[in-house]
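Q: structure here, sequence nowhere to be found:
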């Protein structure tokens, strides 16, 4: 175990080094770029032994990773924003083919207008592509997720690709002190990739075939069961992780001061820290506030969300995305979880941070105040003027 | 070398029981190439005719390892397969792609260009039937001038396809690829020889094989090989190689057969006027001038 001062991107690259991918297909896009740069340096200095492929686009990046995974190799790629959208076709392909590729996505806004800064519209628009989706809060978690991601994705019950999301700039470019496990520890935790879902010269396979109406549905059902199975595997993996590395994670969600909370903010990614600080401050003022951080958007924590929100007076979903013409995507998912569980609690949606716009502690305090007294169902933070979401 | 390859070609079938139309030139090209490359070939085929006729679960028609790629992703998936197998310690295999003209010259050209740029150790075979045949005969970037397709109808306003074919062979060569070749299923021994040669060269290999589609071309199913031979004999296609920075012509017709006769046999060219045929003949002659000037003969 060593300590280094690393950005989120660099921490993730360290985690990937420890996971020993055999093929890395790399294409640069801001703010993901540093990951592919660091990995190329690791291949150059010999600290990582992998085939490093300079692909010519994001579509090819994932297509190449799919080919490598079909060859039985552990594959890695990374992207962001328009790049993720450009490779969208391949996202569905990797999931349907049950190729447990790991990809880091640096969460970034989507065009138009062009903008390179962080929000979560890119990955949340791809929730239905069949990938596991995690959202890290800090660089340490990013590193740890990089290492855990392969173990979860490659589990025979799961066999599903894994998208690890890091908030663009706020997390990808912010430096923190990070603990880096040794290769010995990592190897103890993560064995080499073994699968039957690969090219086999002893018993040749036809892979990625067509399936007509009579069988297609069965394959898709199995794909669904695979991603659902990830929930249990995530818990098991985190337990094993804690035993080896001593850091504990909390499954699909992370709760903060929720036991007796009357008002809860549900959010994801790096903004959660500020939400927790604000909850502490509000608690000092006598407001019983709590925070739920969603760590995994897929599989979605339906039960966890319903359990934690069932006794509150009101909850807010704070998110950096929008499903145009409706509301925030996380809000839709949270509402659905509550409805299924028969929980009838007032919920409000707060959309902010689009295109990297700042969300302040004051904004978060206002959220709690608004939901205590009641507000619009969907609110836009800090739009200003006549259009402040009212 | 050609005869040797033809004589020693495997009797084993690697593409067997597929549902291609009778007389399919594409399946002939795939079948012959796999016989040359053998059981350790790993084939990648994009969405297109050959994947549609060979990969319908549970009827899977390849007896070598084969995988369908995305339409645009033949070359990039080949790259991944090759890198993945190499990373796992395999040495004795050939990563080969079979993509149609649309999958190669249109949607897949970027990935192909990327693979050649990296000089990935793959063979990329374009079976060119000169239109999107799997979706029902629409114009591709390799549809020849004058051809009628369902998206280039031959009426009085549009008169079939008004643009010439992209020259994928020369586009591949312009990347300074280690090996590129043209071929035709009408000259099967030449094609087989080129596949065999490609399998022995390190780096990226591109083979462009004319593979007529009786359905799309409007010829009888048993005319495939003859028409694929005739397109070479009348000079509208040529058999050549690019290697070590030079072009080489492999087959020099002493005298061209009649272009009009070649065209008029096919439903897709039925509407052509004498003037159209003159344009096509002139463009052939111009091409051959270029060949005479720039190719080793």
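A: Thanks, I have it. Since the structure is predicted, the reported quantities are computational estimates derived from the model, not experimental observations.

Q: correct me, but residue B:99 touches residue B:122?
A: No. At 11.8 Å, residue B:99 and residue B:122 do not qualify as touching, with contact defined as CB atoms under 8 Å. Every residue, glycine included, has its C-beta placed from N, CA and C.

Q: who has more neighbours, those two?
A: Higher neighbour count among residue B:99 and residue B:122: residue B:99, with 33 against 28, using other CB atoms under 10 Å in any protein chain shown.

Q: now the helix or strand encompassing that one, how far from the centre of its chain.
A: Residue B:99 is part of strand B:94-100, with elements assigned from DSSP states H and E. The chain centre lies 11 Å from the centre of strand B:94-100; the measure is CA atoms, centre = their mean, to the nearest Å.

Q: try stretch A:65-74
A: Mean-position distance between stretch A:65-74 and its chain equals 22 Å (CA atoms, centre = their mean).

Q: does chain B have contacts with that stretch?
A: Yes. Under the criterion of CB under 8 Å from any CB of the partner chain, chain B is reached by stretch A:65-74 at A:65-73.

Q: strands of the stretch 151-300 of chain A, start to end?
A: For the stretch 151-300 of chain A, the strands defined by DSSP state E, counting those that start in this stretch cover A:162-167, A:175-180, A:206-207, A:210-211, A:253-256, A:263-268, A:289-294, A:296-298.

Q: residues in contact with the fourth one?
A: When you say that, I think you mean strand A:210-211. With CB atoms under 8 Å, 6 or more residues apart in numbering or on different chains as the test, strand A:210-211 has contacts from A:218-219, B:51-52, B:55-57, B:68.

Q: the fifth one too?
A: Residues outside strand A:253-256 that contact it (CB under 8 Å, 6+ apart) are A:272, A:275-276, A:279, A:290-296, A:301, A:304-305, A:308.

Q: the longest helix in chain A is where?
A: Scanning chain A for the helix with the most residues, using DSSP state H, yields helix A:213-245.

Q: state the mean pLDDT of that one.
A: The predicted model assigns helix A:213-245 a mean pLDDT of 97.

Q: may I see the buried residues of it?
A: Within helix A:213-245, the residues that count as buried by 16 or more other CB atoms under 10 Å in any protein chain shown are A:223, A:226-227, A:229-231, A:233-234, A:237-238, A:241, A:245.

Q: what is the nearest of those residues to chain B?
A: For those, the residue nearest chain B by CB to the nearest CB is residue A:223; the value is 14.4 Å.

Q: enumerate every residue touching the closest one.
A: A:95-96, A:98, A:130, A:160.

Q: skipping its backbone neighbours, what lies nearest residue A:356 in space?
A: In space, and not counting its chain neighbours, residue A:356 is closest to residue A:117: 2.3 Å by CB to CB, 6 or more residues apart in numbering or on different chains.

Q: over to that neighbour. Which of the three states is it?
A: Three-state call for residue A:117 (DSSP: H, G, I helix; E, B strand; the rest coil): coil.

Q: show me the contacts for it.
A: By CB under 8 Å, 6+ apart, residue A:117 lies in contact with A:108-109, A:168-169, A:355-357.

Q: try 10 Å this time
A: Residues in contact with residue A:117, defined by CB atoms under 10 Å, 6 or more residues apart in numbering or on different chains, are A:30-31, A:81, A:107-109, A:167-170, A:353-357.

Q: what kind of secondary structure is the most centrally placed residue in chain A in?
A: Of all residues in chain A, the one closest to the mean position by CA atoms, centre = their mean is residue A:134, 2.4 Å from it. Applying three-state DSSP to residue A:134 yields a three-state assignment of strand.

Q: go ahead and confirm it touches residue A:293.
A: No. Look at residue A:134 against residue A:293 with CB atoms under 10 Å: they stay out of range, at 11.3 Å.

Q: what's the overlap in contacts for those two?
A: With CB under 10 Å, 6+ apart as the test, residue A:134 and residue A:293 both reach residue A:268.

Q: can you redo the strands of the stretch 151-300 of chain A as CSV with mean neighbour count?
A: CSV is the format used below for the strands of the stretch 151-300 of chain A (neighbours: other CB atoms under 10 Å in any protein chain shown):
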stretch, mean neighbour count
strand A:162-167, 29
strand A:175-180, 16
strand A:206-207, 22
strand A:210-211, 16
strand A:253-256, 18
strand A:263-268, 28
strand A:289-294, 26
strand A:296-298, 23
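
Q: out of those strands, nearest to residue B:114?
A: strand A:206-207 (22.2 Å; CB to CB).

Q: now the chain, which segments are flagged as low pLDDT?
A: This is for chain A. Flagging of chain A using pLDDT under 70 yields the residue ranges A:384-390.

Q: that answer is for a different chain, and I need it for chain B
A: Applying pLDDT under 70 to chain B flags residues B:1-4.

Q: the helices in the chain, which residues?
A: This is for chain A. A:8-19, A:33-44, A:58-70, A:81-86, A:88-96, A:121-124, A:139-154, A:183-189, A:213-245, A:272-284, A:302-309, A:329-341, A:361-373.

Q: sorry, should have said chain B
A: Applying DSSP H to chain B gives helices spanning B:2-8, B:25-37, B:49-54, B:74-87, B:101, B:109-118, B:168-174, B:188-199, B:214-217, B:224-233, B:259-264, B:274-294.

Q: mind putting the ones you listed in TSV, distance to chain A and mean neighbour count included?
A: As requested, the helices of chain B are exported to TSV (distance: least, CB to the nearest CB, whole Å; neighbours: other CB atoms under 10 Å in any protein chain shown):
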stretch	distance to chain A	mean neighbour count
helix B:2-8	22	13
helix B:25-37	11	25
helix B:49-54	7	26
helix B:74-87	2	30
helix B:101	20	29
helix B:109-118	3	22
helix B:168-174	15	20
helix B:188-199	16	23
helix B:214-217	20	24
helix B:224-233	25	21
helix B:259-264	35	17
helix B:274-294	28	14
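
Q: can you redo those helices as a markdown table with distance to residue A:263?
A: A markdown table is the format used below for the helices of chain B (distance: least, CB to CB, whole Å):
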| stretch | distance to residue A:263 |
| --- | --- |
| helix B:2-8 | 77 |
| helix B:25-37 | 64 |
| helix B:49-54 | 55 |
| helix B:74-87 | 49 |
| helix B:101 | 62 |
| helix B:109-118 | 51 |
| helix B:168-174 | 63 |
| helix B:188-199 | 68 |
| helix B:214-217 | 66 |
| helix B:224-233 | 74 |
| helix B:259-264 | 78 |
| helix B:274-294 | 76 |
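
Q: residue A:252 is nearest to which of those helices?
A: For the helices of chain B, proximity to residue A:252 was assessed by CB to CB; helix B:74-87 is nearest, at 30.8 Å.

Q: I figured residue A:321 hits residue A:355, correct?
A: No. Residue A:321 lies out of contact with residue A:355 (CB under 10 Å); the separation is 11.2 Å.

Q: overlap in contacts of these two?
A: Both residue A:321 and residue A:355 are in contact with A:109-110, A:119, A:121, where contact means CB under 10 Å, 6+ apart.

Q: which of the residues you listed sit farthest apart?
A: So for these, where distance means CB to CB, the most widely separated pair is A:110 and A:119, at 8.4 Å.

Q: more neighbours: the two, which one.
A: The neighbour comparison of residue A:110 against residue A:119 (other CB under 10 Å) goes to residue A:119, with 27 against 18.

Q: list the contacts for that one?
A: Neighbouring residues of residue A:119 by CB under 10 Å, 6+ apart: A:81, A:107-110, A:167-168, A:269, A:319-322, A:351-357.
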